[in-house]
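Asks: Below are the sequence and a predicted model; questions follow.
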Amino acid sequence: MTDDGAVRRVEAGGSTAHWAPGSRILWRYRENAGERFHICRPVTVVQDDDELLAVWMAPGTECVRPVLADGTPVHSEPLESRYTKPRTVRRDRWFGTGVLKLARPGDAWSVWLFWEPGWRFKNWYVNLEEPLARWAGGVDSRDHFLDIAVAPDRSWRWLDEDEFAQAQRVGLMDAQLAGRVREAGRSAVEVISAWGPPFSDGWPHWRPDPAWGVPSLPDDWDRTPAHVST
């Protein structure tokens, strides 16, 4: 971890076997219709080993998010034209409470935990995505539109099925990929139903180290790295 709050920088060729707790890395997503990064979130490593990568995105973190070319928020655009209008990216702050993100190596989803103010646990959120690709400065993925919400009582429901269907209609996802995404979702549901890791591991009671602070967003947040593993 650097003293000035910047994301830890390790150039290509450096070791990324595991990051130590407190390391600062980038969690990024590529566009679905290209290779450009359109989401970037500086995060702090909580745990990184052969079983799990856990990171914390602190409240107020400066991030990069996609917007339409005229500045309109993506989700303010009607679904029919949401994925066809030109886009750009904007630097912005993460609003609300922080997010704990958990990802197991090779899984085509990550699990996010949300809290209400005062650390009242709100819900788990399963984000279906490409398995994370690791590089020296963080992890990269591509979002797959379909998601799952899991309540504290362990009930669950699909989210964004309309966006998942629209992405297929406009050609952002072919039938083969859509089938793999749905299968990944069913695999996640099996874990939820069995209440396996990471749901069973007590993460709602976790709290961040107050000394961590808020990582800053580097100017070269969109640099193209050499991926070293998944």
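Replies: Received the coordinates, thanks.

Asks: Show the model's pLDDT score for G71.
Replies: The per-residue pLDDT reported for G71 equals 94.

Asks: Leaving out chain neighbours, which residue sits closest to it?
Replies: R90 (7.4 Å; Cβ to Cβ, 6 or more residues apart in numbering). No exception for glycine: its C-beta is placed from N, CA and C like everyone else's.

Asks: The helix ranked longest in the chain packs against which elements?
Replies: Longest helix in the chain, counting residues (DSSP state H): helix 175-194. With contacts taken as 3 or more Cβ pairs under 8 Å, 6 or more residues apart in numbering; DSSP states H and E, helix 175-194 sits against strand 109-116, strand 120-129, strand 138-150, strand 156-159, helix 161-169.

Asks: if you set the cut-off to 7 Å instead, what comes out?
Replies: Judged by 3 or more Cβ pairs under 7 Å, 6 or more residues apart in numbering; DSSP states H and E, the packing partners of helix 175-194 are strand 120-129, strand 138-150.

Asks: pLDDT weak spots in this structure?
Replies: Within the chain, the segments meeting pLDDT under 70 span 1-16, 226-230.

Asks: and if we set it to 80?
Replies: 1-16, 225-230 (pLDDT under 80).

Asks: what helix or strand is the residue most central in space within the chain on?
Replies: For the chain, the residue nearest the mean C-alpha position is W27 (6.3 Å; Cα atoms, centre = their mean). Secondary structure assigned from DSSP states H and E places W27 in strand 24-30.

Asks: Right, I'll call it a day here.
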